[in-house]
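S.K.: Okay, sequence plus prediction incoming.
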Amino acid sequence: VLFISFFPQLIAGPIVYHKEFFPQLTDENRRYSSKNLYAGFFLISLGLFKKVILADHCAIWADYGFDEAKDLSFVQGWMTSLSYTFQIYFDFSGYTDIALGLALLFNIKLPHNFDSPYKSRNIQEFWRKWHITLSRFLREFVYIPLGGSRGNELSAGWNILVTFLLCGLWHGASWLFVFWGLCHGIALVFYRIWSRTSLRLPRVFSWFITFNFLNVTWIFFRAKDWESAIKILSAMLEFSLVSFNSNNAFVGFAANMIDNFYILVALFVSVMTAFFFKNSN
């Protein structure tokens, strides 16, 4: 009862194992620790900043593009997708920082859940750094019991696909979540085959491909229906709308950006934080 009701990690994670929690409940660990107290409040403050300042401001454009706008220009499509890409990261990592910080106030150390995932240079590295405890859970309780990487490449690829189809369903009972999981499963299978070859891409180019793959697949994770997802993707590919003509949608959006100065600042700080700063670990 104590384990399952330990409130800091109940809602957003990280996913904690019984064997990680109970060994910390010792008499010595019940004593006041100024180090844990300061570290805990630091993580809570950092998590609140990520959530309230960064994620909530990025959500304004994301919500508008996904839920309200009927038509989007090329720039609006990209701003919508990028806004959600950073919203979900700072939402989730912010909640996790708060959970880790709250646990430290009780002298309990929960496992880290994020390790700068948007710096990843391939999809396998991303899943080692994004929602680390979920990746661990899926590996230990789905992928390995299915056979893991034992056997031939075909069976290993199938095990990856099944694992990530279930990963999609983990997030919700929707075909969009299933499709999102399938995309990541296919990408992991492709990378597994690619890594067996001697072909290598430049570091910046491999990061660029990985990040844009993530940015596109998050659209299916966020969209309420297929129509909404196709609307965003179509706008992102509609190059004909990029023009400096005064009658074009680009100009109207650029003017609107001035009115949303704080959202622009939040998005800029989100980019800088995700790519250039040390993570909270």
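M.R.: Nice, thanks for sending it over.
S.K.: Which elements pack onto the helix or strand containing residue 76?
M.R.: Using DSSP states H and E, residue 76 maps to helix 74-105. Applying 3 or more C-beta pairs under 8 Å, 6 or more residues apart in numbering; DSSP states H and E, we find helix 74-105 packed against helix 34-48, helix 56-63, helix 203-222, helix 226-237, helix 249-259, helix 261-276. Heads up, the C-betas are built off the backbone N, CA and C, glycines and all.
S.K.: most tightly surrounded among the ones you listed?
M.R.: Mean neighbour count (mean count of other C-beta atoms under 10 Å) peaks for helix 56-63 among the helices and strands packed on helix 74-105, with a mean of 20.
S.K.: Using CSV, lay out the helices and strands packed on helix 74-105 together with distance to residue 124 and mean pLDDT.
M.R.: Below are those laid out as CSV (distance: least, C-beta to C-beta, whole Å; pLDDT from 0 to 100):
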stretch, distance to residue 124, mean pLDDT
helix 34-48, 27, 96
helix 56-63, 26, 93
helix 203-222, 10, 97
helix 226-237, 25, 94
helix 249-259, 36, 50
helix 261-276, 19, 90
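S.K.: picking that back up, mind listing what's buried along the helix or strand that comes right after the helix holding residue 76?
M.R.: Remark: after helix 74-105, the chain's next helix or strand is helix 123-129, criterion DSSP H and E. Neighbour-count burial for helix 123-129 flags 123-127, 129 (criterion: 16 or more other C-beta atoms under 10 Å).
S.K.: Helix 123-129 packs against which elements?
M.R.: helix 175-195, helix 203-222.
S.K.: Report the mean per-residue pLDDT for that helix.
M.R.: Averaged across helix 123-129, pLDDT comes to 97.
S.K.: can you list the residues that contact that helix?
M.R.: With contact meaning C-beta atoms under 8 Å, 6 or more residues apart in numbering, helix 123-129 is reached by 114-117, 119-120, 135, 184, 187-188, 191-192, 195, 210, 213-214.
S.K.: And for stretch 51-64?
M.R.: In this structure, residues lying in contact with stretch 51-64 by C-beta under 8 Å, 6+ apart are 79-80, 83-84, 86-91, 94-95, 98, 222, 260, 262-263, 265-267, 269-270, 273.
S.K.: Tell me the gap between it and the middle of its chain.
M.R.: For stretch 51-64, the separation from the chain centroid amounts to 14 Å (computed by C-alpha atoms, centre = their mean, to the nearest Å).
S.K.: give me the number of residues near the residue nearest to residue 186 when sequence neighbours are not counted?
M.R.: Nearest in space to residue 186, with sequence neighbours left out and distances taken as C-beta to C-beta, 6 or more residues apart in numbering, is residue 161 at 7.1 Å. Burial measure for residue 161: 17 neighbouring residues, criterion other C-beta atoms under 10 Å.
S.K.: Surely residue 161 and residue 183 touch.
M.R.: No - counting by C-beta atoms under 8 Å, residue 161 stays clear of residue 183, with 10.7 Å between them.
S.K.: returning to that earlier point: list the contacts for the residue nearest to residue 186?
M.R.: 182, 185-186, 189.
S.K.: so who does the residue nearest to the spatial centre of the chain touch?
M.R.: Closest to where the C-alpha atoms of the chain average out (C-alpha atoms, centre = their mean) is residue 89, at 4.3 Å. Residue 89 sits next to 55, 114, 117-118, 270, 274 when contact means C-beta under 8 Å, 6+ apart.
S.K.: May I ask which two of those residues are separated the most?
M.R.: Using C-beta to C-beta, the contacts of residue 89 span at most 15.0 Å, a distance reached by 55 and 117.
S.K.: on that earlier part again, make JSON lines from the helices and strands packed on helix 74-105 and add distance to residue 13 to it.
M.R.: Below are these laid out as JSON lines (distance: least, C-beta to C-beta, whole Å):
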{"stretch": "helix 34-48", "distance to residue 13": "13"}
{"stretch": "helix 56-63", "distance to residue 13": "20"}
{"stretch": "helix 203-222", "distance to residue 13": "16"}
{"stretch": "helix 226-237", "distance to residue 13": "26"}
{"stretch": "helix 249-259", "distance to residue 13": "34"}
{"stretch": "helix 261-276", "distance to residue 13": "19"}
